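> here are the coordinates; sequence isn't available:
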């Protein structure tokens, strides 16, 4: 079952610990040593990014968010399909 959801990353809060990378392989280390995520950006502003997905990987994203020790990742469901 696919679910539409948004992943928000506050790169100003990210400390480059990368606990998220082992829980969801869409998260990556950016050249600046902070986290980024693979996917089309909804918005990039002042160190924050927002990316929407419509797939069956919501739980992976939630695991990545819970693993972040500085709470730099937020996952919000937009709509159940």
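In hand now; what should we look at? Predicted model, so just to flag it, every value in this text is computed and none were measured.
> looking at the chain, which helix or strand does the model trust least?
strand 41-45 (a mean of 71; mean pLDDT, DSSP states H and E).
> What strands flank that one, and is each parallel or antiparallel?
Sheet pairing of strand 41-45 (DSSP bridges) gives strand 48-55 (antiparallel).
> how far is the helix or strand immediately after the strand it pairs with in the chain from where the chain is centred?
Scanning forward in sequence from strand 48-55 by DSSP states H and E, the next helix or strand is helix 58-67. From the chain centre to the centre of helix 58-67 is a distance of 8 Å (Cα atoms, centre = their mean, to the nearest Å).
> so what strands line up beside the helix or strand just after helix 58-67?
Later in the chain than helix 58-67, the nearest helix or strand by DSSP H and E is strand 73-80. With DSSP bridges as the test, strand 73-80 is paired with strand 3-10 (antiparallel).
> Any buried residues in the partner strand, and which?
3, 5, 6, 7, 8, 9, 10 (16 or more other Cβ atoms under 10 Å). C-betas here are computed from N, CA, C, even on glycine.
> With respect to residue 77, which of those is nearest?
Closest approach to residue 77 among the buried residues of strand 3-10 (Cβ to Cβ): residue 5, at 4.9 Å.
> quick check, nearest of the buried residues of strand 3-10 to residue 55?
Among the buried residues of strand 3-10, and counting by Cβ to Cβ, the member closest to residue 55 is residue 3, at 7.5 Å.
> In this structure that closest one contacts residue 60, no?
No: using Cβ atoms under 8 Å, residue 3 makes no contact with residue 60, being 11.5 Å away.
> from memory residue 15 sits against residue 70, does it?
Yes: contact criterion Cβ under 8 Å: residue 15 and residue 70 qualify, at 5.5 Å.
> Then residue 28 would be within a helix, right?
No: per DSSP: H, G, I helix; E, B strand; the rest coil, residue 28 lies outside any helix segment and is strand.
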